[in-house]
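Asker: Sharing a model that was predicted from the sequence below.
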Amino acid sequence: MTTQDPLPTPSPLLQVQKLPTAIEGFDDICHGGLPIGRSTLISGTSGTGKTVFSLNFLYNGIHQFNEPGIFVTFEESPLDILRNAASFGWNLQEMVEQDKLFLLDASPDPEGQDVAGSFDLSGLIERINY
């Protein structure tokens, strides 16, 4: 029987820096949270908890770490988002009023315009005061 050498511990310089979410259990599963400086897609079908996860992350970031946040909604109105959050005890309205949270309603026009061709994000960036 042969023994295998244990895997070397990665150097701290090679490890991805993580941003804690303060979501119970999630940071443990992800070894510290979400990667810093990288985009993270939260994907799933309707009702899988994408909105709740995102709101919890934003609430914790503002409340515990004083980090401002932006929530972009494509289907629910900002008022519905605030009500949804309030049902979990998260007072996002107060955070909006303190300019710590920006809710961007990016819902498509109900008339259903088709977009073809090139576009840029300058309007979106201006709306979030980036």
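Answerer: All right, it came through fine. Residues are numbered from 1 along each chain as shown.

Asker: Now do the helices in the chain.
Answerer: Secondary structure of the chain by DSSP state H: the helices cover 26-29, 50-65, 78-86, 92-97, 122-127.

Asker: Off-centre distance for the longest one?
Answerer: This means helix 50-65. Going by C-alpha atoms, centre = their mean, to the nearest Å, the spacing between the C-alpha centre of helix 50-65 and its chain's C-alpha centre is 7 Å.

Asker: Could I get the buried residue list for that helix?
Answerer: Residues of helix 50-65 classed as buried: T51, V52, S54, L55, N56, F57, L58, Y59, N60, G61, I62 (neighbour count, 16 or more other C-beta atoms under 10 Å). C-beta: built from backbone N, CA, C; applies to glycine.

Asker: Could you do stretch 31-51 as well?
Answerer: Buried-residue list, stretch 31-51, by 16+ other C-beta under 10 Å: G32, G33, L34, T51.

Asker: any idea how far L101 is from R38?
Answerer: 22 Å (C-beta to C-beta, to the nearest Å).
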